[in-house]
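K.L.:
here is my input; please provide its structure:
(one chain, ligands or ions: 2)
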Amino acid sequence: MNNELKIVPSILSADFANLGRDIAAIENDCEALHIDIMDGHYVPNLSMGVPVVKSIRKVSKLTFDTHLMITNPEDFIKPFAEAGSDMITFHIECTKDAEALIADIRKLGVKAGVAIHPDTPIEVLAPFCKKGACDLILIMCVNPGFGEQSFMESAYDRIRAVRKMLDDDSSEALLAIDGGIRPSNIASAAEAGARHIVAGSAVFKSEDPGATVRKLTKLGNDSIR
Ligand code: DX5
Ligand code: ZN
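P.N.:
Numbering: from 1, shown residues only. Ligands and ions are numbered 1, 2, ... in the order given. Below is the predicted model:
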């Protein structure tokens, strides 16, 4: 596998009145931007929608990693792909046919990711950890819906278990984690096997978001070298 760890800032914690400015602050320090889409049904919160993604697409060259926390992902993969998403991740809890949804996302020329809620047993991911089955597995390390929550310690075993499932089948899918990542726990998360590390408040609520991305990237990579 490509062993490099990457920080993926989540704009949920950015200043929505200054999204362009906040994205510019991290644009040269990372490769991808995490965009949280919430519907007030699957999660008890609302965030942003297609028009926001379309607008920020004009001001950023980053890979757009769109995380759908919505009950009907099938209805929105096309609009989010057309708005400029490069990767679309849906929740395994929100679809009856994840294989078909992955195929439909890929048909749109977009990478397909599968996210899992902390309460869902990790074993449901087995088919998606097979080589080529999807492009990214996202393990939620907080209850989805809000930024600035604490990392659940129970996530470490889940990260290790999924890392093993992916490696056992030589899957190249990215192992992503989302929620509660800080300078204090990034090394442990990296050691457990995560490589696509979403970080919202740690980045955008810091004094210098670009420097924080560089710092987290270094801390994570140093711990696995
Ligand atoms: C939570 C979102 C996360 C959120 C993470 O439901 O999926 O992407 O932005 O925020 P932090 O890093 O502050 O926990
Ligand atoms: Zn997210």
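K.L.:
what secondary structure does Ile139 sit in?
P.N.:
Classification of Ile139 using DSSP: H, G, I helix; E, B strand; the rest coil returns strand.
K.L.:
over to Ala115?
P.N.:
strand.
K.L.:
now it: how far from ligand 1?
P.N.:
8 Å (Cβ to the nearest ligand atom, to the nearest Å). C-beta: built from backbone N, CA, C; applies to glycine.
K.L.:
sec struct for the closest residue to ligand 2 within the chain, please.
P.N.:
For the chain, the nearest residue to ligand 2 under the criterion Cβ to the ion is His67, separated by 3.8 Å. Classification of His67 by three-state DSSP places it in strand.
K.L.:
tell me what it is bridged to.
P.N.:
Beta-bridge partners for His67, by DSSP bridges, are Asp36, Thr89.
K.L.:
tally of neighbours for it?
P.N.:
Residues near His67, counting by other Cβ atoms under 10 Å, number 29.
K.L.:
the one 5 residues further on too?
P.N.:
The local packing of Asn72 (other Cβ under 10 Å) involves 13 other residues.
K.L.:
likewise Glu153?
P.N.:
11.
K.L.:
tell me how far it lies from Leu216.
P.N.:
Remark: distance between Glu153 and Leu216 (Cβ to Cβ, to the nearest Å) = 19 Å.
K.L.:
same check, this time on Phe128
P.N.:
For Phe128, the distance to Leu216 equals 27 Å [Cβ to Cβ].
K.L.:
and the longest helix along the chain, how far out from the chain middle?
P.N.:
What stands out as the longest helix in the chain, according to DSSP state H, is helix 209-224. Using Cα atoms, centre = their mean, to the nearest Å, the mean C-alpha position of helix 209-224 is found 17 Å from that of the whole chain.
K.L.:
list the buried ones in that helix?
P.N.:
Pro209, Gly210, Thr212, Val213, Arg214, Lys215, Leu216, Thr217, Leu219, Gly220, Asn221 (16 or more other Cβ atoms under 10 Å).
K.L.:
need the contact partners of that helix.
P.N.:
3-7, 9, 22, 25-26, 28-30, 181, 183, 186-191, 197, 199, 202-203, 206 (Cβ atoms under 8 Å, 6 or more residues apart in numbering).
K.L.:
as JSON lines, the buried residues of helix 209-224 with pLDDT and distance to ligand 2 would be great.
P.N.:
Listed next are the buried residues of helix 209-224 as JSON lines, based on pLDDT from 0 to 100; distance: Cβ to the ion, whole Å:
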{"residue": "Pro209", "pLDDT": "98", "distance to ligand 2": "17"}
{"residue": "Gly210", "pLDDT": "98", "distance to ligand 2": "20"}
{"residue": "Thr212", "pLDDT": "98", "distance to ligand 2": "17"}
{"residue": "Val213", "pLDDT": "98", "distance to ligand 2": "16"}
{"residue": "Arg214", "pLDDT": "98", "distance to ligand 2": "21"}
{"residue": "Lys215", "pLDDT": "98", "distance to ligand 2": "21"}
{"residue": "Leu216", "pLDDT": "98", "distance to ligand 2": "16"}
{"residue": "Thr217", "pLDDT": "98", "distance to ligand 2": "18"}
{"residue": "Leu219", "pLDDT": "98", "distance to ligand 2": "21"}
{"residue": "Gly220", "pLDDT": "98", "distance to ligand 2": "18"}
{"residue": "Asn221", "pLDDT": "98", "distance to ligand 2": "22"}
